[in-house]
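# Following is a predicted model, sequence given first.
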Amino acid sequence: MRDVSPNRSEPRFDLDLPYGKQGELQLADFLNRIADGNGRVEVKHKRYLDHKLYIETHCDKGRSGVFQPSGINVTTAHVWAFVIGDSGIHVAIPTDLLRCMAADTSSRFVEEFDGNCPTRGVLIDFCVLLYRLKCQRGRSNGL
């Protein structure tokens with residue numbers, strides 16, 4: 001017997017196809033933004049396979065001892081894309097959502113001193129980002 005409980009989604013081709021097409025159009029738009037190369041997408045390549053996203057907020061170019069706004073504080077990109085190691089996984093997040101998460105109490109302040117340009121920023125937990133978004137969308141009756 002088929003499970004038709006209210007907590008289980010039932011496949012509906014008439015509804016699923018248009019929803020899938022919307023996803024395809026969204027992805028095509030994103031890929032076109034990258035192909036255009038006009039700076040609307042900022043790409044970060046993560047080295048660690050985890051659920052933390054480092055968002056730079058300030059940098060000390062040339063190790064002068066003076067940190068200036070950078071990264072999320074100055075970007076004009078509409079989307080940040082994270083390449084997760086060499087896993088083949090890519091995550092694209094609207095910049096406005098990242099800015100909100102950078103100010104979220106769950107985000108943790110960190111400093112990086114590698115290389116000739118130390119940075120300051122926040123670690124955002126991708127799982128918390130999804131949870132916050134789900135709660136926000138749930139309040140507006142749409143997911």
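It's in. Residues are numbered from 1 along each chain as shown.
# Spatially central residue in this protein, please.
Central residue of the chain (C-alpha atoms, centre = their mean): Ile93, 3.0 Å from the mean position.
# Hmm, His78 and that one touching each other?
No: if you go by C-beta atoms under 8 Å, Ile93 and His78 don't touch, sitting 10.5 Å apart. No exception for glycine: its C-beta is placed from N, CA and C like everyone else's.
# Give me the nearest residue to His78, chain neighbours excluded.
Arg40 (4.7 Å; C-beta to C-beta, 6 or more residues apart in numbering).
# need the contact list for the one you found.
Arg33, Thr76, Ala77, His78, Val79 (C-beta atoms under 8 Å, 6 or more residues apart in numbering).
# make it 7 Å
Contacts for Arg40 (C-beta atoms under 7 Å, 6 or more residues apart in numbering) come out as Arg33, Ala77, His78, Val79.
# measure it to Ile93 for me?
Distance, Arg40 to Ile93, by C-beta to C-beta, to the nearest Å: 13 Å.
# Which residues are in contact with each of those two?
Val79.
# Among the contacts of Arg40, name the buried ones.
Among the contacts of Arg40, the ones that count as buried by 16 or more other C-beta atoms under 10 Å are Arg33, Ala77, Val79.
# from memory the last one sits against Val91, does it?
No: under the criterion of C-beta atoms under 7 Å, Val79 is not in contact with Val91, lying 10.3 Å apart.
# Show me where the protein has its strands.
41-46, 52-59, 68-69, 79-84, 89-94, 108-112, 119-125 (DSSP state E).
# OK, contacts around the closest residue to Leu129 other than its chain neighbours?
Residue nearest to Leu129 in three dimensions, not counting chain neighbours: Met101, with 5.2 Å by C-beta to C-beta, 6+ apart. Met101 makes contacts with Ser107, Ile124, Leu129, as judged by C-beta under 7 Å, 6+ apart.
# can you pull out the helices in the protein?
13-36, 95-102, 126-139 (DSSP state H).
# Buried deepest among the ones you listed, which one?
helix 95-102 (a mean of 17; mean count of other C-beta atoms under 10 Å).
# Alright, calling it a day.
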